[in-house]
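J.: dropping a prediction and its sequence here:
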Amino acid sequence: MDDNIRRFHSNPDPPKEGELYRIMDVEGVQLHIFYGYYHPESERGVIDPMPIYPDFTEAPMYTREGYPLVNADQPICPHFFLNPSAYESDEGWCNDCVYLELYDACLGVCRCKYNRKRE
Ligand code: SF4
């Protein structure tokens, strides 16, 4: 994985909204992850900005091999198969699925053959 983490231990100041968190290269898909808010109306001024990951349920993205990118907290699909080492959440997250290959704590690739896009 090719990534470029701008901050962490070196900068003690809280991140600013709109600041670049990291650039990720996920098997041919380049993602720029910025700091912001998922719910700006209620969060801005209350908590520090956080890394905002794309919503792949709204706008699907696929690796060059056709595997879908998924968020770890994305709702499960009909092909969910519980990872034996995972705790199964009540809500049902991709994070608990054996087909998820994580690229960082929040984002990964679904390796389920049924979800793979073929041209
Ligand atoms: S990781 Fe893939 S197969 Fe598993 S629940 Fe998520 S979308 Fe479905």
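T.: Great, that's in hand. Numbers count the residues shown, from 1 in each chain.
J.: hmm, stretch 78-96 in reach of the ligand?
T.: Yes: contact of stretch 78-96 with the ligand (C-beta under 6 Å from any ligand atom) involves 79-80, 94. Quick note: C-beta positions are derived from backbone N, CA and C, even for glycine.
J.: now do that stretch, average pLDDT.
T.: Summarised as a single mean, pLDDT over stretch 78-96 is 87.
J.: show residues contacting that stretch.
T.: 70-77, 97-100, 102, 108, 110, 112, 114-115 (C-beta atoms under 8 Å, 6 or more residues apart in numbering).
J.: report the buried residues of it.
T.: 80, 93-96 (16 or more other C-beta atoms under 10 Å).
J.: with secondary structure as extra columns, can I get these in TSV?
T.: Output for the buried residues of stretch 78-96, formatted as TSV (DSSP: H, G, I helix; E, B strand; the rest coil):
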residue	secondary structure
80	coil
93	strand
94	helix
95	helix
96	helix
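J.: tell me the two of these that are most distant?
T.: Between any two of these, the greatest separation by C-beta to C-beta is 10.8 Å, found for 80 and 95.
J.: what are the boundaries of the strands in the protein?
T.: Ranges of strands within the chain are 2-5, 20-26, 29-36, 50-52, 69-71, 100-102, 107-110, based on DSSP state E.
J.: hang on, the earlier thing: of all the buried residues of stretch 78-96, which comes closest to residue 42?
T.: Nearest to residue 42 among the buried residues of stretch 78-96 is residue 93, at 22.5 Å by C-beta to C-beta.
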